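Peer 1: just coords:
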């Protein structure tokens, strides 16, 4: 029987356990310089010292960190040769606690959760309005991952020349998710304003125009990858995430096209906890309530809410149904 290869960004799911990186401190590491990870490839990490895109270095993971997962967006401490000159290699000796984590599993039964991006403030969910047709199920799963991971979701619609956005976006109106339109012929001023000064992860299916959007946000994006990466051949491929510096400050993390978005590590309580008004109400739910409402949960306390909170209950239950459907995309 073949065994699944363990990736350094995979973590065994354990209920109640987090993914806090393991760190050790040695006296000789106290003078380490802080950096942000911008690329990962074949056991090497491209970093920028002090978050400055003009100070790239290539690093390896220090032996004492063992198999500690290190992903794009991580804040790390590095030592060694920090000149950034060709063929030089520094060492990552510490990984800071993560403020947010975007995670997924291969499917809803996979025991491994993959950390896609660390410390991103926002998640830009890129969806085509046609060709391929938009899928609410994928967006709902991405929203769940954002809410649970602590990221602010933004819905970005492409190919607006092929279909109108109103019908599709109506499904998410009660979640108060910001929506921006970024078709080929649309100005992207609103997108640039939302991303300026922030660390934002982009996700989307292959073919939705994500790469086109990245190239509009970061002119000469291929050249920028070569400058900040220094890993492998210095070229971004569809199989690796990479952080790119935005002209108006901030960073955008371009992630590979998503083929599936498993949420095995997420429970209904995790989703409801992202909404303060709902989280308070479910304290009165009976034990074992899944918050889906009748007939599954006839005594769910969410059914007692009124006004805007009641409308949000319906939208959140769609999210709960999405993670209980075990449907991959």
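Peer 2: Nice, I can see it. This one's a predicted model, so the numbers in the text were calculated from it and none came from an experiment.
Peer 1: which residues sit against the helix or strand where residue 78 lies?
Peer 2: In this structure, residue 78 sits in strand 75-80 according to DSSP states H and E. With contact meaning CB atoms under 8 Å, 6 or more residues apart in numbering, strand 75-80 is reached by 28-29, 31-37, 45, 47, 49, 57, 59, 70, 89-96, 118-119. Bear in mind the C-beta positions are built from the backbone N, C-alpha and C, glycine included.
Peer 1: repeat that with 10 Å
Peer 2: Contacting residues not belonging to strand 75-80 are listed as 21, 23, 25-26, 28-37, 45, 47, 49, 51, 57, 59-62, 65, 70, 88-99, 118-119 [CB atoms under 10 Å, 6 or more residues apart in numbering].
Peer 1: who touches residue 317 in this structure?
Peer 2: 268, 271-272, 290-293, 297, 300, 302.
Peer 1: quick check on residue 313: phi, psi?
Peer 2: Note on residue 313: its backbone torsions stand at phi -60, psi -40 [degrees, to the nearest 10].
Peer 1: pretty sure it contacts residue 277?
Peer 2: Yes. Counting by CB atoms under 10 Å, residue 277 is a contact partner of residue 313 at 9.3 Å.
Peer 1: overlap in contacts of those two?
Peer 2: By CB under 10 Å, 6+ apart, the residues touching both residue 313 and residue 277 are 302, 305.
Peer 1: looking at the two, which one has more neighbours?
Peer 2: Higher neighbour count among residue 313 and residue 277: residue 313, with 23 against 14, using other CB atoms under 10 Å.
Peer 1: and the residue lying closest to the more buried one once chain neighbours are set aside, how far from residue 309?
Peer 2: With CB to CB, 6 or more residues apart in numbering as the criterion, residue 313 has its nearest non-adjacent residue at 4.7 Å, and that residue is residue 302. The gap separating residue 302 from residue 309 is 9 Å, by CB to CB, to the nearest Å.
Peer 1: quick check: neighbours shared by the two?
Peer 2: 277-278, 281, 316.
Peer 1: among those, who's most crowded?
Peer 2: residue 316 (24 neighbours).
Peer 1: settle this for me: that one is touching residue 274, isn't it.
Peer 2: Yes. In this structure, residue 316 is within contact of residue 274 by CB under 10 Å, at 8.6 Å.
Peer 1: residues that sit against both of these two, list them.
Peer 2: 143-144, 147, 175.
Peer 1: report the buried residues of stretch 272-283.
Peer 2: 272, 274-275, 278, 281-282 (16 or more other CB atoms under 10 Å).
Peer 1: with stretch 171-184 instead?
Peer 2: 172, 174-175, 177, 179-183.
Peer 1: where in this protein is pLDDT low?
Peer 2: 1-30, 106-111, 222-239, 258-260, 325-329 (pLDDT under 70).
Peer 1: quick one: the strands in it?
Peer 2: With strands called from DSSP state E, the chain shows them at 10-12, 33-41, 44-49, 56-61, 75-80, 90-95, 101-105, 112-118, 122-128, 152-158, 179-181, 199-203, 242-245, 251-254.
Peer 1: perfect, I'm done here.
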